[in-house]
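Asker: Provided below are the primary sequence and the corresponding predicted coordinates.
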Amino acid sequence: MEKIWIALSTIIAGVLSCYTDLNLALILFAIATTLDTATAIHAQATIKGLRFNPAKGYFWKEISSTGLRNWMKKILWEYGIYLIMAFAIDQCVLKSMILFEVLGRELTLPVLAVYLFAFIEIWSIGENIERAGGINIFKRILLFIPEKYQKLLKP
């Protein structure tokens, strides 16, 4: 049943995205998701003492079916459901209201949702880099925010 729901939510989200101005947001999300996946593979290889080299077989052996299933579940199931909910709220409650206009782009709730998903993936890239022994630049950027506002961002 879960596989049917994943496929259905993906199809519905895809069809609904054709009716809005999501192109740029979806491109950013696709790029962020791809980079997140690559940095996660790199982090896992680094933890095992392997070097980052996509041209070598050991790099690709770090990909497991469980990891791919979890990735697909996250992208198609979780984000798909949230996107469908954003479309439903946008159409039924907000009546396709433009929430923000930035640089000539009209941002509705579904568009903002996809940008939020992309931000989550970008944050995950920083976590993967940190796990691999690098510096999480996104955490460093937060240090430029005044301390009273940083408290809002910390759990």
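Answerer: Perfect, I can see it now.

Asker: please make it C-alpha for all contacts and neighbour counts, starting now.
Answerer: OK.

Asker: quick one: the strands in this protein?
Answerer: 100-102, 105-107 (DSSP state E).

Asker: can you list contacts of the last one?
Answerer: The set of residues that contact strand 105-107 without belonging to it, under C-alpha atoms under 8 Å, 6 or more residues apart in numbering, is Asp21, Ile98, Leu99, Phe100, Glu101.

Asker: re earlier: so which of the strands of the chain is the most packed in?
Answerer: strand 105-107 (a mean of 16; mean count of other C-alpha atoms under 10 Å).

Asker: pull the distance from it to the chain's centre.
Answerer: 20 Å (C-alpha atoms, centre = their mean, to the nearest Å).

Asker: now do stretch 71-90
Answerer: For stretch 71-90, the distance to the chain centre is 11 Å (C-alpha atoms, centre = their mean).

Asker: straight-line length of stretch 127-135, end to end?
Answerer: 9 Å (C-alpha to C-alpha, to the nearest Å).

Asker: and that stretch, what's its mean pLDDT?
Answerer: The pLDDT scores in stretch 127-135 average 88.

Asker: what comes up buried for that stretch?
Answerer: Glu127, Asn128, Ile129, Glu130, Arg131, Ala132 (16 or more other C-alpha atoms under 10 Å).

Asker: need those in TSV (columns: distance to Pro54).
Answerer: Shown next, in TSV, are the buried residues of stretch 127-135 (distance: C-alpha to C-alpha, whole Å):
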residue	distance to Pro54
Glu127	20
Asn128	16
Ile129	16
Glu130	19
Arg131	18
Ala132	15
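
Asker: out of these, flag the one nearest to Asn53.
Answerer: Lowest distance from Asn53 to the buried residues of stretch 127-135 (C-alpha to C-alpha) belongs to Ala132, with 13.7 Å.

Asker: now the closest one: phi and psi?
Answerer: Backbone torsions for Ala132, taken as degrees, to the nearest 10, come to phi -80, psi 0.
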